[in-house]
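Visitor: can't give you the sequence, but here's the structure:
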């Protein structure tokens, strides 16, 4: 009995330590080496960078993927997460929402940072579907999936389950939030699944849902 | 009591079956077989393939149809891929007609059967900018038979060129208008660009 207790006393801390230090741990850094902050209401989470800028401030970074129907000085929401980065902006007439999605183009036709993008028609300011993009890969060759999520009323933070951690996106500039993942992507069926939780500004969960997105249109 | 329980179980099974049918709808007839690698791809054959998809309906995010000239699930709500109805959408029809691969770096030719549920990785915007190894941007003035015109939200293929300011376009247009050949003036507006497929053999 004494030996059993001794073994358990050694094994349990060892298991816990391995769980914390293994590959499934919370990433310390974002895509470009920025130190990742944690959203306190969701332990083990990572907050992605979100900022609203004018296209002219982004310069060539924006111009590389700017469609002709979008003004140089358009309001752009730039997001940088753990595996992906994106720009979201609307055209001059506010009828179409565009994105530039970051990663590596497996066809080798587009230079980083952008490898894909989406466009979605806005109906009274809202999208009909998430406009899934699965054209990009990360630096290790894994497929990336990008999609927009419409925040519900009162939502200020959107968490996406990335397996070992949750990635948190701040809702800014009253635009749909471009989220990214490298998991639960079915390339052969051109679809991806995102487990999403929306929080209010105090971190109270408002909605938990699975977004099933397909390449369409 | 035994009869009552048996009836309950039978009712439950039937209710579950009805639910499954409602969810799967037309896609229950579809398959996910591998495409056939082929060495040829003529514009004539592509016309035949797209023409055969006429009247088969439209499904947002879809790419599966039969050849009965009838949309099995018309009037689905627009913009919802989960309705699983019959037909392709605009980019799905183009992807299958152009015999493309699901891997964007492959530019070979892959024959997709009608009931193979395939949409491909491209939406209309991706086609518009020539994304993927098999696709490229062409001048609108030079776009010919089975080249396409694409905008940020739609793509249609040239079925016949016309001299009267427009073209006969084969396209999966919308839930309410289905897949058909329409007279369109996509060559004119700046929102549309020309796009083509590399690798035609005739």
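Guide: Thanks, I have it. Quick caveat: nothing in here was measured; it's all calculated off a predicted structure.
Visitor: need the phi and psi values for residue A:179.
Guide: phi -110, psi 160 (degrees, to the nearest 10).
Visitor: so the nearest residue to it once chain neighbours are set aside, which of the three states?
Guide: Nearest residue to residue A:179 in three dimensions, chain neighbours excluded: residue A:160, at 5.0 Å (CB to CB, 6 or more residues apart in numbering or on different chains). (C-beta placed from N, C-alpha, C; glycine too.) Judged by DSSP: H, G, I helix; E, B strand; the rest coil, the three-state class of residue A:160 is strand.
Visitor: can you get me a residue count around residue A:160?
Guide: Residue A:160: 24 surrounding residues under other CB atoms under 10 Å in any protein chain shown.
Visitor: residues of chain A that sit close to chain B?
Guide: Applying CB under 8 Å from any CB of the partner chain, one finds that chain A approaches chain B through A:67-69, A:96, A:98, A:105-110, A:116-121, A:128-129, A:131, A:133-135, A:187-191, A:212, A:214-217.
Visitor: which stretches of chain B form helices?
Guide: In chain B, the segments counted as helices under DSSP state H are B:2-24, B:43-52, B:90-97, B:124-128.
Visitor: for the residue nearest to residue A:179, what are its contacts?
Guide: A:166, A:167, A:169, A:179, A:180, A:181, A:194, A:195, A:196 (CB atoms under 8 Å, 6 or more residues apart in numbering or on different chains).
Visitor: just confirm the fourth one contacts residue A:151, I think it does.
Guide: No. In this structure, residue A:179 sits apart from residue A:151 without contact. The criterion is CB atoms under 8 Å, and the distance is 11.1 Å.
Visitor: pick out whichever of those two has more residues nearby.
Guide: Counted by other CB under 10 Å, residue A:179 and residue A:151 do not tie: residue A:179 has more neighbours, with 26 against 18.
Visitor: ok, what's across the strand from the more buried one?
Guide: Following DSSP bridges, residue A:179 is listed with bridge partners residue A:147.
Visitor: overlap of the contact sets of residue A:179 and residue A:151?
Guide: Counting by CB under 8 Å, 6+ apart, the shared contacts of residue A:179 and residue A:151 are residue A:158.
Visitor: one step back: from the contacts of residue A:160, which is closest to chain B?
Guide: Proximity of those to chain B (CB to the nearest CB) peaks at residue A:194, which lies at 14.3 Å.
Visitor: ok, now which ones touch that closest one?
Guide: The contact partners of residue A:194, by CB under 8 Å, 6+ apart, come to A:145, A:147, A:149, A:160, A:161, A:179, A:181, A:184, A:210, A:211, A:213.
Visitor: and residue A:161, by the same measure?
Guide: Contacts of residue A:161 by CB under 8 Å, 6+ apart are A:194, A:195, A:196, A:197.
Visitor: could you work out the most separated pair of the residues you listed?
Guide: By the measure CB to CB, A:194 and A:197 form the most distant pair in these, at 10.5 Å.
Visitor: picking up where we left off before, any idea how far residue A:186 is from the residue nearest to residue A:179?
Guide: Per CB to CB, to the nearest Å, residue A:160 is found 17 Å from residue A:186.
Visitor: also residue A:139?
Guide: Distance from residue A:139 to residue A:186, by CB to CB: 22 Å.
Visitor: cool, residue A:87 as well?
Guide: Remark: distance between residue A:87 and residue A:186 (CB to CB) = 26 Å.
Visitor: between these two, point out the one with more neighbours.
Guide: residue A:87 (26 against 13).
Visitor: thought the more buried one was touching residue A:75?
Guide: No. Residue A:87 lies out of contact with residue A:75 (CB under 8 Å); the separation is 10.7 Å.
Visitor: show me the shaky parts of chain A.
Guide: For chain A, the stretches with pLDDT under 70 are A:1-24.
Visitor: show me where it has its helices.
Guide: Under DSSP H, chain A gives helices at A:2-21, A:55-58, A:60-63.
Visitor: quick one: contacts of stretch A:104-112?
Guide: Here stretch A:104-112 has contacts from A:64, A:102-103, A:115-116, A:135-139, A:141, B:103-105, B:130-133, using CB under 8 Å, 6+ apart.
Visitor: mark which of these are buried, thanks.
Guide: A:102-103, A:115-116, A:135-138, B:103-104, B:130-133 (16 or more other CB atoms under 10 Å in any protein chain shown).
Visitor: and the two most separated of these?
Guide: A:138 and B:130 (22.8 Å).
Visitor: gap between the residue nearest the centre of chain B and chain A?
Guide: In chain B, the centroid-proximal residue (CA atoms, centre = their mean) is residue B:93; its distance is 2.4 Å. The spacing between residue B:93 and chain A, counted by CB to the nearest CB, to the nearest Å, is 11 Å.
Visitor: please apply the same query to residue B:32.
Guide: Computed as CB to the nearest CB, the residue B:32 to chain A distance reads 7 Å.
Visitor: and the closest residue to that residue other than its chain neighbours, what does it touch?
Guide: Leaving out its chain neighbours, the residue that sits closest to residue B:32 by CB to CB, 6+ apart is residue B:117, at 6.2 Å. Applying CB under 8 Å, 6+ apart, we find residue B:117 in contact with A:189, B:27, B:30, B:31, B:32, B:62, B:63, B:64.
Visitor: could you do residue A:69 as well?
Guide: Residue A:69 touches A:91, A:92, A:96, B:152, B:191, counting by CB under 8 Å, 6+ apart.
Visitor: the first one against residue A:75, yeah?
Guide: No. Counting by CB under 8 Å, residue A:91 sits too far from residue A:75 to count as a contact (11.5 Å).
Visitor: of the two, who's got more company?
Guide: Using other CB under 10 Å as the criterion, residue A:91 and residue A:75 rank with residue A:91 on top: 19 against 15.
Visitor: appreciated, that's everything.
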